[in-house]
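S.K.: Output the structure for:
(chains A and B)
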Number of protein chains: 2
Amino acid sequence: MGSVIVDITMSLDGFVTGPNAGIDNGLGDGGMPLHDWVFDGVPEETALLRDAVAATGAVVMGRRTFDTVDGPHGWSDELGYGAGQVPPPEESPAFFVVTHRAPEQVRLGLPFTFVTDGVASAVEQARTAAGERDVRTMGGGDVARQVIAEGLADEVILHVAHMILGAGTPLFRDGDPPASLERVRVLDGPATTHLFLRMRR
Amino acid sequence: MGSVIVDITMSLDGFVTGPNAGIDNGLGDGGMPLHDWVFDGVPEETALLRDAVAATGAVVMGRRTFDTVDGPHGWSDELGYGAGQVPPPEESPAFFVVTHRAPEQVRLGLPFTFVTDGVASAVEQARTAAGERDVRTMGGGDVARQVIAEGLADEVILHVAHMILGAGTPLFRDGDPPASLERVRVLDGPATTHLFLRMRR
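M.R.: Next comes the predicted model:
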């Protein structure tokens, strides 16, 4: 059985997007440098992405993240899950979208399932779909936060971008349950420090 | 001339203390593990502290931090600035306390100056006192945050403890001015990842 991994980029002040994030502004105002490591990383960072895509059998995301990736400026044949690391269709992970209501239509030809009964259900369905591979939570911030707060995550990979955003979508919130984590690896990219953490039970 | 360095430990969710911090509870509820690296660190972490103390000519702190270190369970001859690394009195840095009003009495026999006209003034006075050595901001969170937000910091050393506190004193706040930083070093301690960052101007 694979692991449930929250895998997300945040600023030093804990924001996963800048302010005013939306369909055409996925990372929010000033948030683009968060993903410098994705699109302009050193070889070790590209390998991180490639290895993550290869190990992932199912992805959990929030509705706003779905709307962005399925939107007109979202994913394409060249730019999909894992940035440049688009797996061939037959190897695509299954995608589970946490939402209140399924959208009327979907642009992308990817295996999306819309889950309306909460994050825990989405993770459970993703676990089943992933089989021996991992489940990855790619955001938004609130879904990632809930997966951690509800004790559903086995690992947390925080890509900490060396910037202060000052505002935007926070990953953590006041009132999250305290937790102790064990760092199992650190990778120091030029614009980002990547922390690989395991939740202690 | 030395550098102005914000040097502070925070949790993954950005808290520099847990909730209910006070004179007898300096790190707040559940916050003690933040300083595991200080009191139980590996040799490289002890060297960090020793080098920091040796390089520091003046320290800026907030009033609540002062009240804690000057309080009945605060610093002693064995446990002072830099944890176990107490410098001999003649090498003690000068301490500048940002406060609304100077206290009526001070327990510790250390060179404290009480600054009532704000953080920028405290940093300026500390710069003068430090001469060729560095100025370090040790907290609390709000003083450290202001030193960063007001553009007074040259470097930020974040000791990121591998824990989620969930509540407490935040280092950053909504509305802080955005900033880009350059990481110049990373040290991976067992309980803490130490990020050495330089502010880009």
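
S.K.: middle-most residue in chain A, spatially?
M.R.: Taking C-alpha atoms, centre = their mean as the criterion, residue A:138 is the residue nearest the geometric centre of chain A, at 1.2 Å.

S.K.: what about that residue, which helix or strand?
M.R.: Assigned by DSSP states H and E, residue A:138 belongs to strand A:134-139.

S.K.: For residue A:27, which residues are in contact?
M.R.: By C-beta atoms under 8 Å, 6 or more residues apart in numbering or on different chains, the contact set of residue A:27 is A:17-18, A:21, A:34-35. The way it works is simple: take the backbone N, C-alpha and C, and place the C-beta from them, glycine included.

S.K.: give me that answer again for 10 Å
M.R.: Shown in contact with residue A:27 (C-beta atoms under 10 Å, 6 or more residues apart in numbering or on different chains): A:9, A:15-18, A:21, A:33-35, A:68, A:165, A:168-169.

S.K.: ok, now how distant is it from residue A:8?
M.R.: Distance from residue A:27 to residue A:8, counting by C-beta to C-beta, to the nearest Å: 12 Å.

S.K.: which residues are in contact with both of those two?
M.R.: Common neighbours of residue A:27 and residue A:8 (C-beta under 10 Å, 6+ apart) are A:16, A:34.

S.K.: re earlier: show the overlap between the contacts of residue A:27 and what lies near chain B.
M.R.: When the contacts of residue A:27 are filtered against chain B using C-beta under 10 Å from any C-beta of the partner chain, the residues retained are A:15, A:18, A:33, A:165, A:168.

S.K.: Give me the distance between the first one and residue B:10.
M.R.: Residue A:15 sits 15 Å away from residue B:10, taking C-beta to C-beta as the criterion.

S.K.: can you check residue A:52 too?
M.R.: Taking C-beta to C-beta, one finds residue A:52 at 26 Å from residue B:10.

S.K.: Kindly report the same for residue A:63.
M.R.: For residue A:63, the distance to residue B:10 (C-beta to C-beta) stands at 31 Å.

S.K.: Looking at the two, which is more packed in?
M.R.: residue B:10 (28 against 19; other C-beta atoms under 10 Å in any protein chain shown).

S.K.: where does that one land in three-state SS?
M.R.: Classification of residue B:10 using DSSP: H, G, I helix; E, B strand; the rest coil returns strand.

S.K.: just residue A:35 next, same as before
M.R.: helix.

S.K.: can you check the one 3 residues further on too?
M.R.: Assigned by three-state DSSP, the conformation of residue A:38 is helix.

S.K.: tell me, how many neighbours does it end up with?
M.R.: There are 18 residues near residue A:38, going by other C-beta under 10 Å.

S.K.: Leaving out sequence neighbours, find the closest residue to it.
M.R.: Nearest residue to residue A:38, sequence neighbours excluded (C-beta to C-beta, 6 or more residues apart in numbering or on different chains): residue A:83, at 4.6 Å.
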